[in-house]
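Enquirer: Kindly generate the corresponding structure for this input.
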Amino acid sequence: MDQTPRPVIAAVDGSAHGNRALEWAVSQALMAGSPLRIVHARLYMNSTKAALSPGFGEPGLDDDPVLIRVREALDGRAGLPPIEYASHPGAPHQVLPGLGRDAQLMVLGSRGRGGFAGLLLGSNGIACAGQAACPVVVVPRAEPPVHDLYGQVVLGLNSAAPDPSTTYFAFREAARRGARLQAVVAYAWPGPTFTTAGAIATAAHEEISNAHEVTALAAAHLRPYAERFPEVEIEQVSAPGDAAGHLVAASRAADLIVIGRHRKRPLSPRPGSVTNAVLLHTGCPVAVVPLEEDAVPAAA
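Expert: Got it, this is the predicted structure:
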């Protein structure tokens, strides 16, 4: 039986964002002991006139200028994982999500060519984060370096409906990096309470109850993973209010944020609101993990 691990995919497009994602993917493939597949989703002219021209054919590896430049940049570089290249005709947001079916991870930059400079997350990132069958890491446009700096992985944990695939991914990545794992769980602010005199009082006891409940639920969910990965130091943080805001704040001192995709809404290919907000404002790479029922089975 072939035990070759599934590849890490790096989606490149010739942009600086794509190059940053490629460097992150190289490090990830080495850490995972996996091959690296560098892919370019390439739009090309397919008019009737072009199709009838002598020698017309869909572009391949040998005439893909983006992959040619990447190969030239990596040629002779020491310490690389096994690398393969693939050129795919079509729009990136349509092509890339389907490539995740035989990959363990897909990595891409927050913006590609042709996007508005003021926007952090492009349509390719939204499509992949919302649809790919494997976890997707979006590398933001912050200045180099992109390598681990803080020794911390942050898990966004929904205590009411925790996802095993997301939690496992976060523990595994922390173990690979020798990093701490900070599990962030948010709970709702209590609503206002009206006294008989008509004044508004803060239901402090309700907030305390909410905090205790989500803390206990999160701890119970994390316990078997902590036993499986005893080398990972865990910090559990329960905080009131907006989950996305807490995760964005945590991203400023993290090497990786790990969040679940959240369940798909009918007719919507976009990730959930918390996921989308984190992707838009993160200060570090973000891994979006498909829910267990949507995910490709984990590699052995």
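
Enquirer: Thought P35 was touching A86, still the case?
Expert: No - A86 is not in contact with P35 according to CB atoms under 8 Å; the separation is 11.9 Å. Quick note: C-beta positions are derived from backbone N, CA and C, even for glycine.

Enquirer: By residue count, what's the longest helix in this protein?
Expert: helix 204-228 (DSSP state H).

Enquirer: Show me what whichever helix or strand comes after it is packed up against.
Expert: Using DSSP states H and E, the next helix or strand after helix 204-228 towards the C-terminus is strand 234-240. Strand 234-240 is packed against strand 180-187, helix 204-228, helix 243-251, with contacts defined by 3 or more CB pairs under 8 Å, 6 or more residues apart in numbering; DSSP states H and E.

Enquirer: Between these, which one is closest to I68.
Expert: Taking CB to CB as the measure, those were each checked against I68, and helix 243-251 came out nearest at 34.6 Å.

Enquirer: Pull out the buried residues from that closest one.
Expert: A243, A244, H246, L247, V248, A249, A250, S251 (16 or more other CB atoms under 10 Å).

Enquirer: how far out from the middle of the chain is stretch 103-111?
Expert: Taking the mean of its C-alpha atoms, stretch 103-111 sits 7 Å from the chain's own mean (CA atoms, centre = their mean, to the nearest Å).

Enquirer: ok, how many other residues are close to the closest residue in space to D62 that isn't next to it in sequence?
Expert: Residue nearest to D62 in three dimensions, not counting chain neighbours: I68, with 8.0 Å by CB to CB, 6 or more residues apart in numbering. Each residue near I68 was counted by other CB atoms under 10 Å, and the total is 14.

Enquirer: in what helix or strand does I68 lie?
Expert: Element membership of I68, judged by DSSP H and E, is helix 65-74.

Enquirer: immediately after that helix, which helix or strand?
Expert: Stepping forward along the backbone from helix 65-74, the first helix or strand reached (DSSP H and E) is strand 83-89.

Enquirer: Alright, I will stop here.
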